[in-house]
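Undergrad: Build the 3D model from these lines:
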Amino acid sequence: MLSMLKYMAIMAVFYILSDKVIKADLAKPMQTFSDMALYALVFIMGMRIGANEEVISKLGSVGFQALVTTFLAFFGSVAMAFLVRTFMMLDRHGLGKKHIRTERETGDEGNGANGLKSTAIIFSLVALGMLTGHFIVPEMIVEPDEFQEDAGTMIDICLCILLAGVGYGLGTEGNILGKIRSIGFRVLGLPIAIISGTAIMGLAYGVYGPLTIRESLAIFMGMGWYGLAPAIILNAGHATASAISFLHNIFREVLSMLIIPIVAQRIGYFEAAALPGSTGMDCCLPSVKKYTNGEVAIMSLISGIICSMAVTVLVPVIID
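TA: This is a model prediction of the structure:
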């Protein structure tokens, strides 16, 4: 909760600064700085995963199930987001049919290859980070727990830089409260799509997969929050499901960063914002903002908050 408040405060400060204090056009320097922070973030996340012997040791036994559940969660969220977007009569940019688009509201689509290029860069950095964390870090670091703590601090710093850039970008695009008012009830469409789409896939995997329905639903409803959902599941006495949940939620966060550019280009902005689940309010928000537009980024922020609140309620209810 404190982290969420901190991140929101950082965005709010830079939103106000961009609108009231900073007069120069810093859009390009801020974007460059944000890109560097994003690349550093995913590399350090890769290092942290690679250096975690517990995670690496579980990749063989439960990693496959975690990967399958992640892609099923992606499919359910994107499919439901498409249906919700169609029902709300939004175009592929997440805007109303009568909305007059500006260049800023078409996102960073480029010529169609830009998203693929970014995905390739992020994938390469995650892979390089994992290799570095697994083979190099143990030779240089005596205390693994100390490295994990330091890496977490560096990730937090990178994330703060990224969210400062998001706040600045939203400030340059106009009144955020006006945008929220213009979105209206549509702001609930994204979390509804994510929660319902994820739950449907969780139920299906529980019926046809190797897990019980209760375990499967609890895993899926973690929605990217790997710090909370696995602990709740473990405390309920489901050790294997907890391990799958941990990897599943890590995969949902990291792979969302890889897939957001592609989904934004090929399917739609609304659907791209459905990928991260609860991390749409923090780690994945910069990617959503970069590859979609300010309106969808606001939806992602609010959706991430709602999904995070849902995790705290749904996972304990399901698994107990």
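Undergrad: from here on, contacts and neighbour counts on C-alpha atoms
TA: Fine.
Undergrad: which residues touch T198?
TA: When contacts are counted by Cα atoms under 8 Å, 6 or more residues apart in numbering, T198 touches L72, A73, F74, G76, S77, F220, M221, M223.
Undergrad: Compute the number of surrounding residues for the third one.
TA: Neighbouring residues of F74 were enumerated by other Cα atoms under 10 Å; the total is 27.
Undergrad: Quick check: which element contains it?
TA: When elements are assigned from DSSP states H and E, F74 belongs to helix 63-87.
Undergrad: what's downstream of the helix or strand bottoming out on mean pLDDT in the chain, the next helix or strand?
TA: Lowest on mean pLDDT, DSSP states H and E among the helices and strands of the chain sits helix 176-183, with a mean of 69. Next helix or strand after helix 176-183 toward the C-terminus (DSSP H and E): helix 189-208.
Undergrad: how far off helix 63-87 does that following helix point, in degrees?
TA: Between the axes of helix 189-208 and helix 63-87, defined by axes from the mean of the first three to the mean of the last three Cα atoms, to 10 degrees, the angle is 140 degrees.
Undergrad: C-alpha coordinates for the helix or strand that helix 189-208 is followed by, PDB please?
TA: Where DSSP H and E defines the elements, the next helix or strand beyond helix 189-208 is helix 213-220. The C-alpha coordinates for helix 213-220 follow below in PDB (Å, rounded to 0.1, in the frame of the first residue of the first chain):
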ATOM      1  CA  ILE A 213     -10.300 -25.600  -9.400                       C
ATOM      2  CA  ARG A 214      -9.600 -23.800  -6.100                       C
ATOM      3  CA  GLU A 215      -5.800 -23.800  -6.700                       C
ATOM      4  CA  SER A 216      -6.100 -22.800 -10.300                       C
ATOM      5  CA  LEU A 217      -8.400 -19.900  -9.600                       C
ATOM      6  CA  ALA A 218      -6.200 -18.600  -6.800                       C
ATOM      7  CA  ILE A 219      -3.100 -18.700  -9.000                       C
ATOM      8  CA  PHE A 220      -4.800 -16.900 -11.900                       C
END
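Undergrad: Let me know the angle separating helix 213-220 from helix 63-87.
TA: Taking the same axes, to 10 degrees, one finds helix 213-220 and helix 63-87 inclined to each other by 70 degrees.
Undergrad: For helix 213-220, buried residues please.
TA: Of the residues in helix 213-220, I213, R214, E215, S216, L217, A218, I219, F220 count as buried by neighbour count, 16 or more other Cα atoms under 10 Å.
Undergrad: Dump those to TSV, plus pLDDT and distance to G165.
TA: Shown next, in TSV, are the buried residues of helix 213-220 (pLDDT from 0 to 100; distance: Cα to Cα, whole Å):
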residue	pLDDT	distance to G165
I213	96	41
R214	95	40
E215	96	38
S216	96	37
L217	97	35
A218	96	34
I219	96	32
F220	97	30
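Undergrad: Going by distance to F33, which of those residues wins?
TA: Checking those against F33 by Cα to Cα gives F220 as the nearest, at 34.0 Å.
Undergrad: roughly how far apart are the closest one and G237?
TA: 17 Å (Cα to Cα, to the nearest Å).
Undergrad: Once you drop chain neighbours, what's closest to A66?
TA: Leaving aside its sequence neighbours, A66 sits nearest to H248 (Cα to Cα, 6 or more residues apart in numbering; 4.4 Å).
Undergrad: isn't that neighbour right up against A73?
TA: No. Between H248 and A73 there is no contact under Cα atoms under 8 Å: 9.5 Å.
Undergrad: neighbouring contacts of stretch 223-231?
TA: Defining contact as Cα under 8 Å, 6+ apart, one finds that stretch 223-231 is touched by 198, 218-219, 222, 241-243, 245-253, 276-279, 307-308, 311-312, 315.
Undergrad: try 6 Å
TA: When contacts are defined by Cα atoms under 6 Å, 6 or more residues apart in numbering, stretch 223-231 is touched by residues G222, S242, S245, F246, N249, R252, E253, G277, S278.
Undergrad: Stretch 244-263 now?
TA: 62, 66, 70, 115, 119, 219, 224-226, 230, 272, 275-276, 291.
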